[in-house]
Structure formats: structure tokens, C-alpha cells
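In: With the sequence up front, the predicted model follows.
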Amino acid sequence: MPILNAHRRPNPGSCSSLFAAFGVLGLFLFASPARAKKSLRILSSDFVPATRPSIRKIRIGVILHADKIRLACRGRCTFDDAAGKLYYLVPGKKYDVRALKDGLKLGGLVIGPRTTILTKRMTDCALLNGRCYRGKLVLRRDADGAVTAVDVLDIEDYLMGVLPGEMDPSWPLEALKAQAVVARTYAYTQLDKYEDEGYDLTGDTRSQMFGSLGQVPLSVREAVNETSGQVLGYKGRILDVYYHSCSGGHTADEAEIWGGAEPPPPLRGVRDPYSRGCPDYDWKAYVPLSKVLAAIEPGSLLAGPLESFRIGHEYWDGYVKNFVAGIDGDPIPIAASKFRRRIGAYWLKSDRIYRIRVLSDSVEFEGHGLGHGVGLSQWGARDLAKLGRSYQRILKFYFPGSYLAVVVQ
């Protein structure tokens with residue numbers, strides 16, 4: 001067959017170092033019943049546990065509902081067909097994977113509704129649309145006739161692909177370590193989020209950016225390896241954590257941005273002078289009047305032109321709670337988070353807005369910071385690391401009352 005190498009074989013069958021303690025914890029958390037029935041035990045980091053931190057497998061939806069996927073292999077890669085036979089991909093050759101009525105077509109070979117691509121050596125790499133993935137890749141035909149690719153890999157290897165997409169690898173190592181702990185914690189709290197779709201997280205901004213594992217920077221390897229297994233905890237549970245680019249001088253309370261009950265102390269806003277040096281500490285945006293009007297009442301015909309637009313109420317930390325638009329003499333309130341979501345983060349970089357002016361053809365906004373503002377400020381972590389702060393102190397600053405822990409199974 002044209003896609004096969006000459007080789008075909010039958011299916012063969014079936015923290016050494018922990019750092020200063022943030023607190024003490026020894027509770028059991030139970031994994032989702034949809035997954036393996038194992039408990040997660042979180043141990044405080046003031047001692048070395050008898051067992052190594054768990055290396056949990058995680059499923060990442062890297063390509064979702066595509067018409068086709070371009071597949072290639074660097075090194076040695078195998079895939080299986082519906083009968084369970086294993087084949088080698090020819091190194092360097094490119095194959096198109098498409099969905100048929102009852103299965104997949106890989107190059108010139110028709111296989112079953114799913115196939116598993118395996119790489120075993122660190123030098124091996126399966127290329128999907130030009131990006132390098134390692135370990136176990138599942139390609140499947142979706143019910144809608146498209147193709148989805150899911151990468152199944154160790155959570156620590158997953159972080160190797162996350163960090164370069166979320167923080168500049170040239171930044172100080174302690175900032176990268178803080179990012180590694182927060183990204184790992186976030187991944188644990190999001191396990192099974194997309195269980196109905198057959199994976200845990202996506203490889204884009206809906207979860208965390210997950211890039212190629214082709215050339216992982218040394219700084220990223222050090223940051224992941226030197227914090228292996230470590231997460232943030234609070235009161236016996238893994239903490240729900242968040243991060244953003246720049247706080248603009250103060251981080252936000254979780255409830256201010258997403259609503260809900262009063263957040264625990266680690267997710268309340270803190271004054272953040274260390275983010276003042278970020279490129280987006282001060283920003284100005286001119287949003288077209290038509291776009292502003294469309295965001296106030298989507299799908300409706302407003303009675304008149306925009307006469308005024310102002311800050312209605314703001315929270316104690318400088319984040320706007322709501323705006324008030326003046327149209328035909330009527331005040332129309334709108335929640336700031338809803339308005340920014342409709343306008344888009346390209347225009348309004350944060351909800352920490354302090355001045356608004358209505359112009360002839362646009363509305364001028366002036367604000368501080370980039371992102372939602374909750375949790376870790378990446379630019380703040382960078383400057384704290386440059387001042388010589390350890391990653392433990394950086395995390396303690398942005399998540400007060402939390403503690404560093406490891407997850408073991």
C-alpha cells in the first residue's frame with residue numbers, strides 16, 4: 001500500500017525537593033466518577049512525601065472538528081487500523097486524514113472510526129498541521145463528519161507545551177516557576193470539563209494555550225521540573241486559580257468579574273505596584289459609536305443617538321461594576337463585564353477603566369492593565385522575580401492564604 005513502509009507487525013497486545021511550606025493540608029479529594037476511581041491526596045510541602053508526586057494523564061483536544069488534518073512523522077511513529085494491526089508511518093511523508101461515512105481515511109488507507117498514533121522516543125514526533133506532538137495521539141471521526149485529534153500525555157509534559165504560550169521563556173526563572181504552578185493547578189481543577197467531547201481541556205484560550213513540543217526551551221524544562229507536581233491549595237482543596245497579563249496596579253476579586261458568592265481570601269484583589277511596568281499599564285482605546293451602541297442592546301433598535309456614556313459604579317479596587325449610557329434622555333445601565341465581552345478584549349483591555357469621553361464618531365476609553373485581573377499578574381510576577389523574590393513568595397503575594405502542595409495518588 002502506498003502509505004506503508006515495508007514494516008508491518010501485529011498488535012503486541014495489550015519531588016525529590018520541596019520548598020518552604022505555605023500551610024498544612026492532608027485531605028482526600030475524589031476524582032470525577034467518569035474517570036479512574038482513584039483519590040487525590042494533597043500533602044503540604046513542609047516535608048518530602050513517601051511517594052513521588054503523581055504523573056497524571058491528561059487529554060487535550062488539540063484539533064477540533066476539522067475537515068482534514070495533515071499528518072507527518074519525524075522519527076518513528078505507528079498507527080493502528082480497525083483490526084488492531086500496527087503500521088509505521090514513513091518519516092517525512094505527509095498524509096491527509098479525512099472522515100468517511102463510517103471511518104477515517106489516512107492517506108490511501110481506509111481505517112476504522114479512530115486510530116491511535118504512538119511515539120516512544122523523545123526524538124520522535126507526530127506532526128499535526130505542522131505542530132509536533134508526542135506520546136499518544138487519538139484521531140477520530142466525529143458524529144458531524146469532521147476529524148478531531150486528542151493528545152493524551154503526562155500532565156508534566158503538557159505543561160512543557162503550555163508555558164511557552166503563556167509566558168515568555170526568556171523571563172526570570174522564578175516567574176516561570178510561579179506560572180508553572182498556577183498552570184498545573186488550573187489543569188487539575190479543569191479535569192473532565194469537556195468529558196462529553198472526549199477530552200479534559202482544549203489546546204486554545206478556552207483552557208490554556210498548548211503549543212508544539214518540538215523544541216522546549218531549557219528555562220521551561222527547569223521551571224516545570226523544579227516545581228514537579230506542585231499546586232496551590234486552600235482549606236483542604238485544590239484552589240481554583242486564574243492568571244492574566246497585567247493587573248494595572250490592583251488585582252480583582254473573583255466575584256467582581258464573574259459574579260457569585262464572596263471569594264475566599266486567595267482570590268480577593270491585592271494592591272499590585274509590581275505591575276506598573278507592563279506595556280499595558282496605561283492604555284487608550286477609541287471604540288466606534290456603532291460598536292458601542294450594538295454592545296449596549298444587541299439586536300435591538302435604540303431610540304436615538306448616544307448622548308452620554310459614563311462609569312456608573314466601580315468597586316473598591318478600581319474595576320468598573322457598570323456603565324450608564326444616555327440615549328434619548330433615558331439612562332441605560334450595563335454591566336462592565338458584559339459590555340467588555342460584547343465589545344471584545346481587543347478594544348477594552350480590562351475593566352479597570354478610569355476615564356470615558358463621547359466623541360463625534362467614537363467613544364474614548366482610558367484604563368489600566370490587560371486581562372480580567374483575577375489571580376496572578378504575569379508582568380507583576382516578572383518584576384517580582386527581577387527583584388529577587390522566589391516563586392513561593394510570588395504565589396503567596398497574589399494568592400494570600402493559599403499554600404503550596406503536591407498531589408499524589
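Out: Done, it's in.

In: from here on, contacts and neighbour counts on C-alpha atoms
Out: Noted.

In: Quickly run through the sheet partners of whichever strand or helix holds Arg70, with directions.
Out: Using DSSP states H and E, Arg70 sits in strand 68-74. Here strand 68-74 has these sheet partners by DSSP bridges: strand 95-99 (antiparallel), strand 125-128 (antiparallel).

In: That one: how far from the chain's middle?
Out: Its chain's C-alpha centre and that of strand 68-74 lie 24 Å apart, by C-alpha atoms, centre = their mean, to the nearest Å.

In: For it, give me every contacting residue.
Out: Residues from elsewhere that reach strand 68-74 (C-alpha atoms under 8 Å, 6 or more residues apart in numbering): 89-99, 123-130, 146-147.

In: what's the answer for stretch 340-356, then?
Out: With C-alpha under 8 Å, 6+ apart as the test, stretch 340-356 has contacts from 248, 283, 285-287, 291-292, 295, 309-311, 318-320, 336-337, 363-373.

In: Which entries within the residues you listed meet the buried criterion?
Out: Applying 16 or more other C-alpha atoms under 10 Å to those, the neighbour count classes 248, 283, 285-287, 292, 295, 309-311, 318-320, 336-337, 363-373 as buried.

In: Point out the ones among those that are inside strands.
Out: In strands, defined here by DSSP state E, the members of the buried ones among the contacts of stretch 340-356 are 283, 285-287, 309-311, 320, 363-367.

In: can you list the residues you listed in TSV and add pLDDT and distance to Pro265?
Out: Converted to TSV, those look like this (pLDDT from 0 to 100; distance: C-alpha to C-alpha, whole Å):
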residue	pLDDT	distance to Pro265
Trp283	96	29
Ala285	96	33
Tyr286	97	36
Val287	96	35
Phe309	94	34
Arg310	95	31
Ile311	96	27
Val320	95	21
Val363	96	36
Glu364	97	35
Phe365	97	31
Glu366	97	29
Gly367	96	26
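
In: how about TSV for those residues, with distance to Ala183 added?
Out: Shown next, in TSV, are those (distance: C-alpha to C-alpha, whole Å):
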residue	distance to Ala183
Trp283	27
Ala285	30
Tyr286	33
Val287	33
Phe309	38
Arg310	36
Ile311	34
Val320	27
Val363	36
Glu364	35
Phe365	31
Glu366	30
Gly367	27
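
In: Nearest to Val406 among those?
Out: Val320 (36.7 Å; C-alpha to C-alpha).

In: who touches the closest residue to that closest one other than its chain neighbours in this structure?
Out: Once flanking residues are discounted, Val320 sits nearest to Glu314: 4.1 Å by C-alpha to C-alpha, 6 or more residues apart in numbering. The neighbours of Glu314, taking C-alpha under 8 Å, 6+ apart as the test, are Val320, Lys321, Asn322.

In: Give me the buried entries from the contacts of strand 68-74.
Out: Buried subset of these (neighbour count, 16+ other C-alpha under 10 Å): 89-91, 94-95, 97-99, 124-128, 146-147.

In: what's the farthest-apart pair in those?
Out: Using C-alpha to C-alpha, the buried ones among the contacts of strand 68-74 span at most 26.8 Å, a distance reached by Asp124 and Ala146.

In: Could you say which helix or strand holds Arg342?
Out: Assessed by DSSP H and E, Arg342 sits inside helix 336-343.

In: in the stretch 301-409 of the chain, what spans have low per-residue confidence?
Out: Within the stretch 301-409 of the chain, the ranges that satisfy pLDDT under 70 run 301-304, 409.

In: Would you quantify the distance from Glu297 to Arg355?
Out: Separation of Glu297 from Arg355 (C-alpha to C-alpha, to the nearest Å) stands at 22 Å.

In: Gly369 too?
Out: Counting by C-alpha to C-alpha, the separation of Gly369 from Arg355 is 14 Å.

In: again, but for Leu89
Out: Separation of Leu89 from Arg355 (C-alpha to C-alpha): 59 Å.

In: And Ile238, by the same measure?
Out: From Ile238 to Arg355 the distance is 38 Å (C-alpha to C-alpha).

In: show me the residues around the residue most central in space within the chain that make contact.
Out: By C-alpha atoms, centre = their mean, the mean C-alpha position of the chain lies nearest to Gln208, the distance being 1.5 Å. By C-alpha under 8 Å, 6+ apart, the contact set of Gln208 is Val162, Glu166, Ala183, Leu201, Thr202.

In: now the first one, what's its secondary structure?
Out: The assignment at Val162 comes out as helix when based on DSSP: H, G, I helix; E, B strand; the rest coil.

In: what about the nearest residue to it once chain neighbours are set aside, distance to Arg59?
Out: Nearest non-adjacent residue to Val162, counting by C-alpha to C-alpha, 6+ apart: Phe210, 4.5 Å away. Remark: distance between Phe210 and Arg59 (C-alpha to C-alpha) = 12 Å.

In: Kindly export the helix ranked longest in the chain (C-alpha atoms) in PDB.
Out: Counting residues, the longest helix found in the chain (DSSP state H) is helix 173-189. In PDB, the C-alpha atoms belonging to helix 173-189 read as follows (Å, rounded to 0.1, in the frame of the first residue of the first chain):
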ATOM      1  CA  LEU A 173      13.100  31.500  36.100                       C
ATOM      2  CA  GLU A 174      11.200  32.300  39.400                       C
ATOM      3  CA  ALA A 175       8.400  33.900  37.400                       C
ATOM      4  CA  LEU A 176       8.300  30.800  35.100                       C
ATOM      5  CA  LYS A 177       8.100  28.600  38.100                       C
ATOM      6  CA  ALA A 178       5.100  30.600  39.500                       C
ATOM      7  CA  GLN A 179       3.400  30.300  36.100                       C
ATOM      8  CA  ALA A 180       4.100  26.500  36.100                       C
ATOM      9  CA  VAL A 181       2.500  26.000  39.500                       C
ATOM     10  CA  VAL A 182      -0.600  28.100  38.500                       C
ATOM     11  CA  ALA A 183      -0.900  26.400  35.100                       C
ATOM     12  CA  ARG A 184      -0.700  23.000  36.800                       C
ATOM     13  CA  THR A 185      -3.200  23.900  39.400                       C
ATOM     14  CA  TYR A 186      -5.600  25.200  36.700                       C
ATOM     15  CA  ALA A 187      -5.200  22.000  34.800                       C
ATOM     16  CA  TYR A 188      -6.200  19.800  37.800                       C
ATOM     17  CA  THR A 189      -9.300  22.000  38.500                       C
END
